[in-house]
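# could you look at this predicted model? Sequence included:
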Amino acid sequence: MSSKPSPPVPAISTESSPWETASLRDELTQFLKQKILGGNSEKPKSLGSFKYAVYAFYDYEGEPIYVGRTAEKVSTRIRRHLTNQRTDAVAMSVLDPYEVYSIEVWPCTLFDSGVTPKEDIHSHLDALEATVFHQLLKKSRFMAVLNEKIPTSTRKVKLPKAYRGSIVTDAVKDLRGHPDTRLARRAGTIARLAQVINEREVQPGLRRTLKIQAERLLWLAEQRYLPFETRITIQDAKKVHKDS
């Protein structure tokens, strides 16, 4: 008489994060640690150490999904979005960190000297954020970015050098990048965002974000259906012929 296999022992006592979470944090750390020249220092500094910057997140198709700015520190602000410290954009289900495949940062390196008045710095950041936002709108297939609030500055500024990199390894992409997984994630994000709108008095911009999320979900569903369309059409045609 064969014995029954014993059930697997759950690793409840583990203190480690899931491997894909750890991988994403490692890749993010490497992106933020890259050395760049800027400011008054002749020595390279890490990208994440600069205080003032505008940044953008892109999804698995390279679609821009969120534009932000920071006046606290690049690494601090971006980690708030993508790790355990939440921001309004994540809490309100405007941004799903799981959708972020790559990051682009425009650091304002000259402002780290501390001699520029803060009001001038923030005015420049306003203009830089608006410039990046509207440039990315033109690159979006939906002509849209998920931000609840659209930057309104009309001041013209020259964009500083941008630094872009992926925070997703091939192994994590295989796990999280599958279209069916992403469809389920997007549907869940839309449901949570709709619930927020249902339960609170919100600004119209959040309703625009909901509309954009729905358009992104529909586009991905259509792309996912395309490989099966011919097969389904043939099956339907055979069924009609058989029933006639």
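That came through, no problem.
# only C-alpha atoms from now on, for both contacts and neighbour counts.
OK.
# any buried residues in stretch 78-89, and which?
Applying a neighbour-count criterion of 16 or more other Cα atoms under 10 Å, one finds 78-79, 81-82, 87, 89 buried in stretch 78-89.
# quick one: distance of that stretch to the chain centre.
The chain centroid and the centroid of stretch 78-89 are separated by 11 Å, computed with Cα atoms, centre = their mean, to the nearest Å.
# show me where the protein dips below the pLDDT cut-off.
The chain contains residues with pLDDT under 70 at 1-4, 7-13, 39-42, 84-85, 233-244.
# where does the residue positioned nearest the centre of the chain fall, phi/psi-wise?
Taking Cα atoms, centre = their mean, the centroid of the chain lies closest to V100, which sits 3.4 Å from it. When read as degrees, to the nearest 10, the backbone of V100 gives phi -80, psi 120.
# heads up, I number from 12, so please use that
With 12 as the first residue, the last one maps to V111.
# so what's it up against?
68-71 (Cα atoms under 8 Å, 6 or more residues apart in numbering).
# one step back: from the buried residues of stretch 89-100, which land in helices?
Among those, the residues falling in helices (DSSP state H) are 89-90, 92-93, 100.
# and the furthest pair within those?
The distance between the two most remote of those (Cα to Cα) is 12.9 Å, for R90 and A100.
# so how far is I243 from Y236?
10 Å (Cα to Cα, to the nearest Å).
# no, scratch that, I was asking about T40
45 Å.
# what about the two, which has more around it?
When neighbours are counted by other Cα atoms under 10 Å, T40 comes out ahead of the other of T40 and I243, with 15 against 12.
# show me the contact partners of the helix or strand harbouring that one.
Using DSSP states H and E, T40 falls within helix 30-44. Contacts to helix 30-44, defined as Cα under 8 Å, 6+ apart, come from residues 57-60, 86, 94, 176-180, 183.
# picking up where we left off before, mind putting the buried residues of stretch 89-100 in a markdown table, distance to G216 included?
Converted to a markdown table, the buried residues of stretch 89-100 look like this (distance: Cα to Cα, whole Å):
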| residue | distance to G216 |
| --- | --- |
| I89 | 22 |
| R90 | 24 |
| H92 | 20 |
| L93 | 22 |
| T98 | 17 |
| A100 | 12 |
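# identify the farthest-apart pair in the residues you listed.
Maximum pairwise distance in these, criterion Cα to Cα, is 12.9 Å, between R90 and A100.
# only C-alpha atoms, please: export stretch 109-124 in CSV.
Written as CSV, here are the backbone C-alpha positions of stretch 109-124 (Å, rounded to 0.1, in the frame of the first residue of the first chain):
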residue,chain,number,x,y,z
TYR,A,109,3.2,46.7,-11.7
GLU,A,110,2.7,48.5,-15.1
VAL,A,111,6.1,50.3,-14.9
TYR,A,112,8.7,48.8,-17.2
SER,A,113,11.1,51.6,-17.6
ILE,A,114,11.9,55.1,-16.2
GLU,A,115,13.2,58.3,-17.7
VAL,A,116,14.6,61.1,-15.6
TRP,A,117,15.5,64.7,-16.5
PRO,A,118,17.7,65.9,-13.6
CYS,A,119,18.1,69.7,-13.0
THR,A,120,21.7,69.3,-12.1
LEU,A,121,22.6,73.0,-11.8
PHE,A,122,20.1,73.6,-9.0
ASP,A,123,22.0,71.4,-6.5
SER,A,124,24.4,74.2,-5.8
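# quick check: what element follows the helix or strand L136 falls within along the chain?
Applying DSSP H and E as the criterion places L136 in helix 129-150. Reading on from helix 129-150 to the C-terminus, the next helix or strand found by DSSP H and E is strand 174-177.
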